[in-house]
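Student: give me a 3D structure for the following:
(chains A and B)
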Amino acid sequence: MRPQRLTGWLFAGPALAVMTVFFFIPVLGGLALSLTDFDPYALADWHNLRFVGLGNYLVLLERPAFWSALGNTLYFVVAGVPLTMGLALAAALLLNHRLARWQGAFRTALFAPVVTTVVAAAVVWRYLFNTRAGMINVALQAVGLQPVDWLGNPRWAMPTLILFAAWKNFGYDMVLFLAGLQAIDPFLYEAARLDGASAPRRFWHITLPMLAPTTLIVGLLTVAGYFQLFAEPYVITEGGPLQSTVSVLYLMYDDGFKWWHLGMASAIAFLLFALIYAVSFMLLRLARKRGAA
Amino acid sequence: MNARRARGLAGAALVAVLALAACRAPPQNPRITTLSFWAMGREGEAVRALIPAFEREHPDIRVHVDILPWKGAHQKLLTAFAGDTTPDLCQLGNTWVAELASLGALVPLDARVRRTQGIDPHDYFPGIWDTNRIDGALYGIPWYVDTRLLFYRKDLLARAGFDHPPATWAQWARQMAAIKRMVGPSGYAILLPLNEFEQLESLGLQSSQPMLRDGGRYGNFQSPGFVRALRFYDRIFREHWAPLVNNTEVPNPWTEFGKGYFAFYFSGPWNLVEFRKRLPADEQDDWATAPLPGPDGPGASLAGGSSLVIFRRSQHADAAWALITYLSRPAVQLRFYRLVGDMPPRRSTWAFPAFADDPKAQAFRVQLERARPVPKVPEWERIATQLAVVGERMAHGELTPEQAARVLDRRSDAILAKRRWVLAHRGAHGGDAP
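Tutor: As a prediction, the model looks like this:
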């Protein structure tokens, strides 16, 4: 028993050591930092560093900017995740259909946005959605609709970012769904067809249940990714207009890296971590209740 | 995901320090001093062309120029300070001088200026020189200057019935109203991007009341002078003289200016070069520059730009000072202007025909005599970004000017809380920490 355990530790040792140095210690350091008011004054002189306990967290909970950033982030997640996953599932179903031709070419084309850099794609979208000269508004006007101030109107800026994110990311989810679809036993469909099940019923009673584990994974990945909204507003709107696209991570970046208030920024990071953890946990619980995982 | 973020937060400093350390020049021949000089953006590229002449004059000095992008420069400087990897000398935006001086990262230069023939403080525009003076000590030598004034369409103004640019806010308002009437709903009189704070900041600097009070301990935005500036700024949007846009939505302001989308553009010296480059030759006579109108007469504007500073940890302060002296020579500043279009901080450089015979540049000369430094506290930049945030809410009609002033004071007081504590703490302990 003993030597076996030792061998086990030896095998796990290198990975554990790496995890300790690059994960556990930084996380603990970040946690400690979040209990202080580390800022440029502390950088100049350690005597200016104060232990503030949960002060940063309490200040955050009283800060309107944090709540509006949280609201913006939740808006992005709640609207963006279903949209992205819906697009991905629809694209995967189309690609997986037995009548689909040039499957490889379409798969590559639909996956292409995922591998483009966010920044380059965002700059192009900024031109497309320009209020006065953008192609989207030119097209809207051509069919007789009113142009929309996509990025200048606080009500439209976030929906525009959600559209962008969905376009940018659905290809990844699509590939996962496609793999899930291809793993479904064709006999199930055949049996259902013999029983006279219509296409919608086959989708509802075979495809969706059989895809449940894939859906769970895709959902978890997309939710965790979307909570970390940053690059899109950073490049496209710089948080505006009227701070309507400032996300939690954007707020953390500003506090931490722009103003060097690492204490406050660490507190934001831990709150966001707690939030993502809680949501992922709830998703898992929900899935387990339904018997998917 | 969590791992990545936590690691990013706590480890970013380490990575940046390592990266910067790797950038430093390796040690060379001991008789030759290698200076590490950090410069930013276009200035960094241009200054490389000026270095060979300096190295010929000083065969024992080699200069290694590292170029930092403006966007990451502030963060890199603080990281370098935390990691003891600061360069010998650096180009520093002059609103950052107060911050790095309060960190104790910079060397005072008063004694060197007194000993040096070539640098005469009285030859510099007083507002610009003053930005480098923190609590009585001089920490930087102005390298180039930046201020804000008006670019305007002469032809549009003439069509609206005005043969002179405005000198007061009242005249300015009349002209904007006339232009707006003329161009109708699809055009505007002025472009004031809502995510830029410099415009409101410049208007605020025109007041005789400072924007912070009690030695930079509290906001002073509810002073009558600043509220007046807020009301004027607010009126420009109320009357639809300016569109409600961010600068990201006007990616090409030069062409839009040429097309007459707006007649006034409230901007800085780099656009002199841009407009000359980007507008066709037959439109070049249609535009001009004018000093900023003030509440009751010719107004002040902000004293921006970059200074050259020497870091306390530098082992080569004398060599670094030689380079600063060289870059401060009028002839070298003229070459620098020709390379990037950055305006010189010295009156004697402005005597060269390149400036004296250029009416569009002369408006800057006039404005620079009236340039004023922004409040010299390390927190200023953060407060200034709140000017844009709150100004935008006001422009959208969410706040009245009086409410905006109250919000600005409340936020500045919160941002300055640590400064108040540090100042009180230092007084109580009689320490000499910076």
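Student: contact partners for the closest residue to B:Arg42 other than its chain neighbours?
Tutor: Using Cβ to Cβ, 6 or more residues apart in numbering or on different chains and skipping the chain neighbours, the partner closest in space to B:Arg42 is B:Val340 (5.1 Å). Any C-beta I mention is one placed from the backbone N, CA and C, and that applies to glycine too. The contact partners of B:Val340, by Cβ atoms under 8 Å, 6 or more residues apart in numbering or on different chains, come to B:Arg42, B:Glu43, B:Glu45, B:Ala46, B:Val273.
Student: which SS class is the first one?
Tutor: In this case it means B:Arg42. State at B:Arg42, reduced to three classes by DSSP: H, G, I helix; E, B strand; the rest coil: helix.
Student: could you check how far it is from B:Trp270?
Tutor: Separation of B:Arg42 from B:Trp270 (Cβ to Cβ, to the nearest Å): 8 Å.
Student: B:Arg213 contacts B:Phe221, correct?
Tutor: No. Contact status for B:Arg213 versus B:Phe221: not in contact, 9.8 Å apart, counting by Cβ atoms under 8 Å.
Student: and those two? which has more neighbours close in?
Tutor: B:Phe221 (28 against 16; other Cβ atoms under 10 Å in any protein chain shown).
Student: name the SS class of the more buried one, please.
Tutor: Secondary structure of B:Phe221, per three-state DSSP, is coil.
Student: likewise for B:His64?
Tutor: Secondary structure assignment for B:His64 (three-state DSSP): strand.
Student: pull the number of nearby residues for it.
Tutor: For B:His64, using other Cβ under 10 Å, the count is 17.
Student: wait, doesn't it sit right on B:Leu35?
Tutor: Yes. B:His64 is in contact with B:Leu35 according to Cβ under 8 Å; the separation is 6.7 Å.
Student: rewinding a little: of the contacts of B:Val340, closest to chain A?
Tutor: B:Arg42 (20.0 Å; Cβ to the nearest Cβ).
Student: how close does that closest one get to B:Trp70?
Tutor: 9 Å.
Student: how about A:Ser266?
Tutor: Taking Cβ to Cβ, one finds A:Ser266 at 26 Å from B:Trp70.
Student: A:Ala65 now?
Tutor: Taken as Cβ to Cβ, the span from A:Ala65 to B:Trp70 is 25 Å.
Student: around chain A, which positions in the stretch 51-200 of chain B sit nearby?
Tutor: B:His74, B:Gln75, B:Leu78, B:Phe81, B:Ala82, B:Glu99, B:Ser102, B:Leu103, B:Gly104, B:Leu194, B:Asn195 (Cβ under 8 Å from any Cβ of the partner chain).
Student: tell me which two of those residues sit farthest apart.
Tutor: Spatially, the most separated pair among these is B:Gly104 and B:Leu194, at 36.7 Å (Cβ to Cβ).
Student: between these two, which one's more packed in?
Tutor: Neighbours were counted for B:Gly104 and for B:Leu194 using other Cβ under 10 Å; B:Leu194 has more, 27 against 14.
Student: now do the same contact list for B:Ala384.
Tutor: B:Ala384 neighbours (Cβ under 8 Å, 6+ apart): B:Thr95, B:Phe197, B:Glu198, B:Glu201, B:Val374.
Student: which secondary structure element contains the nearest residue to A:Thr214 once chain neighbours are set aside?
Tutor: Take A:Thr214 and drop its neighbours on the chain: the residue closest to it by Cβ to Cβ, 6+ apart is A:Gly180, 3.2 Å away. Following DSSP states H and E, one finds A:Gly180 within helix A:154-182.
Student: what about that helix, average pLDDT?
Tutor: Summarised as a single mean, pLDDT over helix A:154-182 is 95.
Student: what about B:Arg42 and B:Trp70, which has more around it?
Tutor: A count of neighbours by other Cβ under 10 Å puts B:Arg42 above the other of B:Arg42 and B:Trp70, at 15 against 12.
Student: need the pLDDT of the more buried one.
Tutor: Looking at B:Arg42, its pLDDT reads 89.
Student: and it, how close does it get to B:Leu68?
Tutor: 12 Å.
Student: one more: B:Asn247?
Tutor: B:Asn247 sits at a distance of 22 Å from B:Leu68 (criterion: Cβ to Cβ).
Student: ok, the two, which is more surrounded?
Tutor: Counted by other Cβ under 10 Å, B:Asn247 and B:Leu68 do not tie: B:Leu68 has more neighbours, with 22 against 15.
Student: what's the closest non-adjacent residue to the more buried one?
Tutor: B:Met40 (5.1 Å).
Student: for chain A, give me its nearest residue in the stretch 51-200 of chain B.
Tutor: Closest point on the stretch 51-200 of chain B to chain A, by Cβ to the nearest Cβ, is B:Leu103, at 4.1 Å.
Student: please report how far that residue lies from B:Arg312.
Tutor: Taking Cβ to Cβ as the measure, B:Leu103 falls 9 Å from B:Arg312.
Student: who's more crowded, these two?
Tutor: B:Leu103 (20 against 15).
Student: list the contacts for residue 50?
Tutor: Looking at chain A here, since you left the chain open. Counting by Cβ under 8 Å, 6+ apart, A:Arg50 touches A:Thr36, A:Asp37.
Student: look at chain B instead
Tutor: Contacts of B:Leu50 (Cβ under 8 Å, 6+ apart): B:Leu327, B:Val332, B:Arg335, B:Phe336, B:Leu339.
Student: tell me the pLDDT at the third one?
Tutor: When you say that, I think you mean B:Arg335. Taking B:Arg335 on its own, its pLDDT is 95.
Student: now it. Nearest residue, chain neighbours left out?
Tutor: For B:Arg335, ignoring the flanking residues on the chain, the nearest one in space by Cβ to Cβ, 6+ apart is B:Leu50 at 6.3 Å.
Student: element containing that neighbour, please.
Tutor: Assignment of secondary structure by DSSP H and E places B:Leu50 within helix B:41-57.
Student: gap between that helix and the chain center?
Tutor: Taking Cα atoms, centre = their mean, to the nearest Å, one finds the center of helix B:41-57 at 22 Å from the center of the full chain.
Student: same deal with stretch A:126-141?
Tutor: 27 Å.
Student: which stretches of the chain have low pLDDT?
Tutor: In the absence of a named chain, this looks at chain A. Along chain A, the model assigns pLDDT under 70 to residues A:1, A:291-293.
Student: you looked at the wrong chain, it should be chain B
Tutor: Those would be B:1-30, B:427-434, if you go by pLDDT under 70 across chain B.
Student: give me the domain ranges for it.
Tutor: Under the assignment named as automatic domain parsing, the residue ranges that make up the domains of chain B are B:10-146+B:303-357, B:150-301+B:376-421.
Student: what's the burial count for A:Trp9?
Tutor: 10.
Student: show me where the stretch 1-150 of chain B has helices.
Tutor: Along the stretch 1-150 of chain B, counting by DSSP state H, counting those that start in this stretch, helices occupy B:2-23, B:41-57, B:70-82, B:97-102, B:110-115, B:126-130.
Student: quick one: is the biggest helix by length in chain A near chain B?
Tutor: Looking only at chain A and at elements set by DSSP state H, the helix with the highest residue count is helix A:64-96. No. Using Cβ under 8 Å from any Cβ, helix A:64-96 never reaches chain B; the gap is at least 8.9 Å.
Student: any idea of the angle that helix forms with helix A:154-182?
Tutor: Relative orientation of helix A:64-96 and helix A:154-182, computed by axes from the mean of the first three to the mean of the last three Cα atoms, to 10 degrees: 40 degrees.
Student: which other helices and strands does helix A:64-96 contact?
Tutor: helix A:103-115, helix A:154-182, helix A:208-227, helix A:248-253 (3 or more Cβ pairs under 8 Å, 6 or more residues apart in numbering or on different chains; DSSP states H and E).
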